[in-house]
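K.L.:
Based on what follows, work out the 3D shape:
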Amino acid sequence: ENIYLGSLPMKHGVVDWKKLNTDAKTVLEKLGCEVDPKAPVAALPIAQQQLVEIARGIALGAKVLILDEPTSSLTEKEKDSLFENINSLKAQGVGIVYITHKMDEVFEISDRVLVFRDGQPTGEFNTKDITLEDIVQSMIGRTLDDYFHKSHAVPGDEVIRVEKLCLKGVYQDISFHVRKGEIVGLYGLVGAGRTEIVETIFGIRRPDSGEIYLNGK
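P.N.:
Model prediction:
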């Protein structure tokens, strides 16, 4: 239904479910996506949900696909599978507009690059003819050497400490500390639990167990 929404096959005035499922299965197999056409989309992993969206474009004969940050929620293996599908579509004559801020993906997947800054195009290149520095300079208007200067503060006393923080089904056994003059980054895929941990520290969520210390208390 998601794939053929707006163009469902009809028979005698009602939806032809047999044809719908057969057609959906065919287009999903073309993408190498082993998903039961009858499975609710909400029950699928993010990577397969994205493939269902791509399958919709293929099923309706799209000549151009626009993919906006498609790997933001994918593992490395899922990203490789997505890129295989993109290259397959490219070989079939489909044009791809690929939006990303990940520089490695730019060089891995694109043929041409259009750079925007503040809503204005600042550079258009053939990917094979440019370097990372060329793209960055178009993005920020100067080289990276002039962009970021890291300060060298000496970390001081501990400000906050988290010990064995747990919230069932969200995160488990989280422990870390932050000292004065120090930056600690939380990194992971969408849904990994970063936001929920910070919300717990600030009191928006209540953990099942664990302790949070502020200035030792």
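K.L.:
From here on, just use CA atoms for contacts and neighbour counts.
P.N.:
Fine.
K.L.:
just the helices in the chain please.
P.N.:
All helices of the chain, identified by DSSP state H, fall at 17-30, 46-59, 76-91, 103-109, 132-140, 194-201.
K.L.:
Not counting its neighbours along the chain, what's nearest Asp173?
P.N.:
By the measure of CA to CA, 6 or more residues apart in numbering, the closest residue to Asp173 outside its immediate chain neighbours is Lys164, 4.2 Å from it.
K.L.:
For Ser151, give me the backbone phi and psi.
P.N.:
Comment: the main-chain dihedrals of Ser151 come out as phi -80, psi 160, following degrees, to the nearest 10.
K.L.:
burial count for it?
P.N.:
7 (other CA atoms under 10 Å).
K.L.:
Report the central residue of this protein.
P.N.:
Centroid check for the chain by CA atoms, centre = their mean gives Ser72 as the closest residue, at 1.2 Å.
K.L.:
how near is that one to Lys102?
P.N.:
According to CA to CA, to the nearest Å, Ser72 stands 9 Å off from Lys102.
K.L.:
What's the separation between Lys180 and Asn2?
P.N.:
With CA to CA as the criterion, Lys180 and Asn2 are 51 Å apart.
K.L.:
before we move on, back to that, what number of residues lie near the residue nearest to Asp173?
P.N.:
Here the count is done by other CA under 10 Å, and Lys164 has 13 residues near it.
K.L.:
again, but for Gly169
P.N.:
7.
K.L.:
Next: Asn215.
P.N.:
Other residues near Asn215 come to 11 when the count uses other CA under 10 Å.
K.L.:
go on, Phe176?
P.N.:
The tally of other residues near Phe176 (other CA under 10 Å) stands at 12.
K.L.:
Lovely, talk soon.
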